[in-house]
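In: no FASTA, just this:
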């Protein structure tokens, strides 16, 4: 058996050791991706709110009835 | 403000200053986490010899034990900052307490899942209502309770205060998790590593474990920085400095 396949076999416990490490990395990656997506959403919502606000202000100034 | 508190610490409490500070700390913390993680995993998976009783299955320890320590450490941080949030009404303490909860829950979940994967080949069962396992499960539920209570309120700061209160009460569970293997006759083994005394572990197994412990500590610092920054943006979204960030990121 080659050194590499010996390593991956984990002395017959590969079915327990590797899933454990997979859980560890999957959960931590999910934990670091979640705030990144949230940040993007917060800033996008804020830009939308600011754009609507400026549009409303422009409309209210242009629609003042002329005498 | 009391005189003995240095001015920079006082300034750090202001959201824009903390936002910049956390942004500067985060890449270093993440870099150290990756460095210690690579060293620890190489030491644990490749260099350390197999255990004389458990063979290679014991290698789960290098993620299981650091995660278990972190699940308790993060809870303690959450409890202390929750206390500060309740007593001094500090906005930043609320942020730290509430943003620690998901990270702690992640570590508690990892602890239970990897423990289950370790228990099956060694004990012959995925789960048993052992004192250590049950108290760790309660810890996960406390985290989920804090997260749920926080989001149940319309007003975020009110929710943070209610959830901080729950977090403080739940602190009682942390010593129960820690001493469960001493107080009760458990299937779970006792402590292998002892900070103040002799560790029952040879050095070539111990150092990868300590490296992984440092890696998870640094990861927590990095993740907390990122989460706190994001949360501060949400809290302060009406302020000019956040608007500037929003416009700057749109232009990029």
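Out: Received the coordinates, thanks. Predicted model, so just to flag it, every value in this text is computed and none were measured. Numbering: from 1, shown residues only, chains lettered A, B, ... in the order given.
In: okay, now residue B:116: neighbour count?
Out: 18 (other CB atoms under 10 Å in any protein chain shown). From N, CA and C alone the C-beta is placed, and that goes for glycine too.
In: the chain: helices as residue ranges?
Out: Went with chain A since none was named. Under the criterion DSSP state H, helices of chain A are mapped to A:3-9, A:14-62.
In: I was thinking of chain B, sorry if that wasn't clear
Out: Using DSSP H, helices in chain B cover B:7-12, B:15-42, B:61-88, B:91-123, B:131-151, B:156-170, B:173-183, B:203-235, B:240-251.
In: related to what we said a few turns ago, chain B is nearest to which of the helices of chain A?
Out: Among the helices of chain A, helix A:14-62 comes nearest to chain B, with 4.2 Å by CB to the nearest CB.
In: which intervals of the stretch 51-200 of chain B have sub-threshold pLDDT?
Out: Where the stretch 51-200 of chain B drops to pLDDT under 70, the residues are B:195-198.
In: and chain B, which residues reach chain A?
Out: B:45-46, B:50, B:55-57, B:59-60, B:63-64, B:67, B:102-103, B:106, B:109-110, B:113-114, B:117-118, B:120-121, B:219, B:222-223, B:226-227, B:229-230, B:233-234, B:237, B:242-243, B:245-247, B:249-250 (CB under 8 Å from any CB of the partner chain).
In: can you rerun that using 6 Å?
Out: B:50, B:55-57, B:59-60, B:63, B:106, B:110, B:113-114, B:117, B:121, B:223, B:226-227, B:230, B:233-234, B:237, B:246, B:249-250 (CB under 6 Å from any CB of the partner chain).
In: with respect to residue A:15, which of the helices of chain B lies nearest?
Out: Closest approach to residue A:15 among the helices of chain B (CB to CB): helix B:91-123, 8.4 Å.
In: what comes up buried for the closest one?
Out: B:91-119, B:121-122 (16 or more other CB atoms under 10 Å in any protein chain shown).
In: related to what we said a few turns ago, rebuild the helices of chain B as CSV, extending it with distance to residue A:39.
Out: As requested, the helices of chain B are arranged in CSV below (distance: least, CB to CB, whole Å):
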stretch, distance to residue A:39
helix B:7-12, 21
helix B:15-42, 11
helix B:61-88, 21
helix B:91-123, 12
helix B:131-151, 18
helix B:156-170, 16
helix B:173-183, 31
helix B:203-235, 4
helix B:240-251, 9
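In: out of those, flag the one nearest residue A:43.
Out: helix B:240-251 (4.5 Å).
In: what's that closest one packed up against?
Out: helix A:14-62 (3 or more CB pairs under 6 Å, 6 or more residues apart in numbering or on different chains; DSSP states H and E).
In: what mean pLDDT does the helix it packs on have?
Out: Mean pLDDT, helix A:14-62: 92.
In: that helix - contacts with which helices or strands?
Out: helix B:91-123, helix B:203-235, helix B:240-251.
In: how does it look with 10 Å?
Out: Contacts defined by 3 or more CB pairs under 10 Å, 6 or more residues apart in numbering or on different chains; DSSP states H and E place helix A:14-62 against helix A:3-9, helix B:15-42, helix B:61-88, helix B:91-123, helix B:203-235, helix B:240-251.
In: so which of those helices gets nearest residue A:54?
Out: For residue A:54, the closest of those is helix B:240-251, at 11.4 Å, according to CB to CB.
In: buried stuff in that closest one?
Out: B:242-243, B:245-246.
In: and stretch B:182-192, by the same measure?
Out: So for stretch B:182-192, counting by 16+ other CB under 10 Å, buried means B:186, B:188.
In: taking the centroid of chain A, which residue is nearest it?
Out: residue A:37 (2.9 Å; CA atoms, centre = their mean).
In: among the helices and strands packed on helix A:14-62, which is nearest residue B:171?
Out: helix B:61-88 (4.1 Å).
In: next up, the contacts around residue A:7.
Out: For residue A:7, the contacting residues are A:1, A:14, B:45-46, B:56, by CB atoms under 10 Å, 6 or more residues apart in numbering or on different chains.
In: let's see that with 8 Å instead.
Out: Counting by CB atoms under 8 Å, 6 or more residues apart in numbering or on different chains, residue A:7 touches B:45-46.
In: tell me the pLDDT at it?
Out: 88.
In: from residue B:63, how far out is it?
Out: 17 Å (CB to CB, to the nearest Å).
In: check residue B:74 too.
Out: Counting by CB to CB, the gap from residue B:74 to residue B:63 is 16 Å.
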